[in-house]
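In: A predicted structure for the sequence below; I have some questions about it.
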Amino acid sequence: MSAVAVPAGAAQTRRARTGFGLLILAVAGSLLAYVLQGLGLHGEVPRNLAVYGVVFTGASLGGWLVIRYAARSADPALYPVAVLLGGLGLAMLYRLMDERGRVDIAQNQAIWLLIGLACFALTLLVVRDIRQLDAFTYTIGLAGIVLLLLPIVPGLGYEINGARLWVNFGFLQFQPAEFGRVLIVIFLASYLSQRRELLAAGVGRFGLPRVKDLGPLLLAWGTSLAVLLLERDVGASLLLFGVFVVMVWIATGRSSYLLLGIVLFAIGAYIGWLALPHIQERVVIWFHALDPKNVNGIGYQLAQGWFAFASGGMVGTGLGLGSPTFIPYVGSDFILAAFGEELGMLGVAGILLLYLVLIGRGLRIGVERQDSFGKLLAVGLTTVIGLQVFTIAAGVLRLIPLTGVPLPLVSYGGTSRVATFVILALLIRASAGAWYRERKGP
């Protein structure tokens, strides 16, 4: 049977309808979660539901209209899934902060969500072709390194909970590494697309890279190690190096880079173990959180997270009906445990499935792109999201030590929320140039 040609205009209209339908479901699901948390916590519909609903719906529709204007042929599922994740996270943050009498914190995150949507729209409007970024390779790379290392500048950076992640400009406090990672991925996509043949050239029986071609890998390893030792940020260091190794592997197709990356990671982890006591403590927590001597001490957070999952079972207690506020930093590091208690393992599986949709669509965009830069950029940006989800979910479920990485779009963290929306805007822009392929008959 011969394939049938599909007019580009008809395909765009179909995608627009699909995207709009998914967005309506995402907004409805987000508002339903907000209503249910109010009913569970106070026995009544939230009093600000009308204002909340109008603002959330209006901002979400605004982002969709920008997509329709600036990227009509874009992937129809990425944005609705992001809106649903953001809405679920915001509903849970309102529920957690309301019980603690700190609704202002949740309201602050709502403002950051609006800022994230605004930056999403601005990115789509400014970057009209993803290949524009390929012309600023080293400028973008330098800016990324500056942002990564900005917290160590005396007078600007400051420490919270043992990690030096924040900078303070008086009127604004944020985590520059969140944006630095995005710029580093853009730089790597450009650099690797220009030099993939050189990096792919191997020597010896195992096809190992030549010594002179190891510079980029060693630079990434050194930068990651600097972030680990100077800022004491395990999560950022792991993400940065992991994304780099994946992108080099995709660019060259050589598994020797994966092997070398694992070796360098092991060396860096050992150096971090020797130099930073809090890394040793996290490993102890990983293995012995439920020991009697630790369960009310250094293992308290992880133990309470596990108790929350156990309390929720398969279907959960219902939004607003559990006790997740016993977990320290539940709005950031352990928000997945809060969902586990109140929505059960089925609810957690649903949230992780939404992330799998994001990751799958992002990787498909990379496959669809015809240019090396676009392919590597889509894969790199998707890997950032995927590694974040894996490290936080695996840490909470005690598969790996805790890293303190926020759950994208869901956890407390304004900078992370904005940076993730910028990533999604770049993925949508990349998809607009590659998503539709006209099928022709023989």
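Out: Looks like it arrived, so ask away. Residues are numbered from 1 along each chain as shown.

In: contacts for the longest strand along the chain?
Out: With secondary structure taken from DSSP state E, the chain has its longest strand at strand 163-168. For strand 163-168, the surrounding residues in contact (Cβ atoms under 8 Å, 6 or more residues apart in numbering) are 150-153, 156-160, 173-177, 230-233, 236, 404. Glycine gets a C-beta too; all of them are placed from N, C-alpha and C.

In: neighbouring strands - and their directions - for the next helix or strand after that strand?
Out: Later in the chain than strand 163-168, the nearest helix or strand by DSSP states H and E is strand 173-174. In the sheet, strand 173-174 lines up against strand 163-168 (antiparallel) (DSSP bridges).

In: buried sites along the partner strand?
Out: Ala163, Arg164, Leu165, Trp166, Val167 (16 or more other Cβ atoms under 10 Å).

In: the residues you listed into JSON lines, with extra columns for pLDDT and distance to Asp129?
Out: As requested, these are exported to JSON lines (pLDDT from 0 to 100; distance: Cβ to Cβ, whole Å):
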{"residue": "Ala163", "pLDDT": "68", "distance to Asp129": "37"}
{"residue": "Arg164", "pLDDT": "72", "distance to Asp129": "37"}
{"residue": "Leu165", "pLDDT": "73", "distance to Asp129": "33"}
{"residue": "Trp166", "pLDDT": "75", "distance to Asp129": "34"}
{"residue": "Val167", "pLDDT": "82", "distance to Asp129": "32"}
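
In: for those residues, which one is nearest Phe287?
Out: Here the nearest of the buried residues of strand 163-168 to Phe287, counting by Cβ to Cβ, is Ala163; it sits at 21.7 Å.

In: tell me, how many residues neighbour Leu219?
Out: 13 (other Cβ atoms under 10 Å).

In: and it, what pLDDT?
Out: Leu219 carries a pLDDT value of 73.

In: and it, how far from Met97?
Out: With distances taken as Cβ to Cβ, to the nearest Å, Leu219 is found 41 Å from Met97.

In: please pull up the helix or strand immediately following the helix or strand where Gln107 lies.
Out: Using DSSP H and E, Gln107 sits in helix 103-126. Next helix or strand after helix 103-126 toward the C-terminus (DSSP H and E): helix 137-149.

In: and Asp75, which helix or strand is it part of?
Out: Per DSSP H and E, Asp75 falls between elements, in no helix or strand.

In: go on, the one 4 residues further on?
Out: Tyr79 is located in helix 78-99, with elements delineated by DSSP H and E.

In: quick one: mean pLDDT over that helix.
Out: The pLDDT scores in helix 78-99 average 94.

In: which elements pack onto it?
Out: On a contact count with 3 or more Cβ pairs under 8 Å, 6 or more residues apart in numbering; DSSP states H and E, helix 78-99 meets helix 8-42, helix 49-70, helix 103-126, helix 335-368, helix 414-432.

In: among those, which is the most enclosed?
Out: Stretch with highest mean neighbour count among those: helix 414-432 (a mean of 25; mean count of other Cβ atoms under 10 Å).

In: mind checking the pLDDT average for it?
Out: Over the span of helix 414-432, the pLDDT mean works out to 93.

In: for it, C-alpha coordinates in CSV please.
Out: Taking Å, rounded to 0.1, in the frame of the first residue of the first chain, the C-alpha atoms of helix 414-432 are listed here in CSV:
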residue,chain,number,x,y,z
GLY,A,414,12.1,29.3,41.1
THR,A,415,15.4,29.3,39.2
SER,A,416,15.0,25.6,38.3
ARG,A,417,11.4,26.2,37.1
VAL,A,418,12.4,29.1,34.8
ALA,A,419,15.4,27.2,33.4
THR,A,420,13.3,24.1,32.7
PHE,A,421,10.8,26.3,30.8
VAL,A,422,13.7,27.7,28.7
ILE,A,423,14.8,24.2,27.9
LEU,A,424,11.3,23.3,26.8
ALA,A,425,11.1,26.4,24.6
LEU,A,426,14.3,25.4,22.9
LEU,A,427,13.0,21.8,22.4
ILE,A,428,9.8,23.2,20.9
ARG,A,429,11.7,25.5,18.7
ALA,A,430,13.9,22.5,17.6
SER,A,431,10.8,20.4,16.9
ALA,A,432,9.2,23.2,14.8
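
In: export the helices and strands packed on helix 78-99 as TSV, with columns for distance to Lys375.
Out: Output for the helices and strands packed on helix 78-99, formatted as TSV (distance: least, Cβ to Cβ, whole Å):
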stretch	distance to Lys375
helix 8-42	21
helix 49-70	22
helix 103-126	19
helix 335-368	5
helix 414-432	9
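
In: Gly89: which of those is closest?
Out: Using Cβ to Cβ as the measure, helix 335-368 is the one of the helices and strands packed on helix 78-99 that comes nearest Gly89, at 7.0 Å.

In: and after the closest one, which helix or strand comes next?
Out: On the C-terminal side of helix 335-368, the closest following helix or strand by DSSP H and E is helix 372-396.

In: for that following helix, packing partners?
Out: helix 176-200, helix 234-252, helix 335-368, helix 414-432.

In: mind checking the SS state of the closest residue to Ala303 other than its chain neighbours?
Out: Nearest non-adjacent residue to Ala303, counting by Cβ to Cβ, 6 or more residues apart in numbering: Val295, 4.8 Å away. The local conformation at Val295, judged by DSSP: H, G, I helix; E, B strand; the rest coil, is coil.

In: now Val295: how far from Gln304?
Out: Going from Val295 to Gln304 by Cβ to Cβ gives 9 Å.

In: higher neighbour count, those two?
Out: In this view Val295 and Gln304 are compared by other Cβ under 10 Å, and Gln304 has more residues nearby, 21 against 17.

In: next, the contact list for Trp306, please.
Out: Under the criterion of Cβ under 8 Å, 6+ apart, the neighbours of Trp306 are Ala289, Leu290, Ala337, Arg398.

In: which one among these gets closest to Ala143?
Out: Closest approach between these and Ala143, by Cβ to Cβ: Ala337, at 35.9 Å.

In: quick check: the closest one vs Trp306, distance?
Out: 8 Å.

In: swap in Leu399?
Out: From Leu399 to Trp306 the distance is 12 Å (Cβ to Cβ).

In: equivalent analysis for Thr391, please.
Out: For Thr391, the distance to Trp306 - Cβ to Cβ - is 18 Å.
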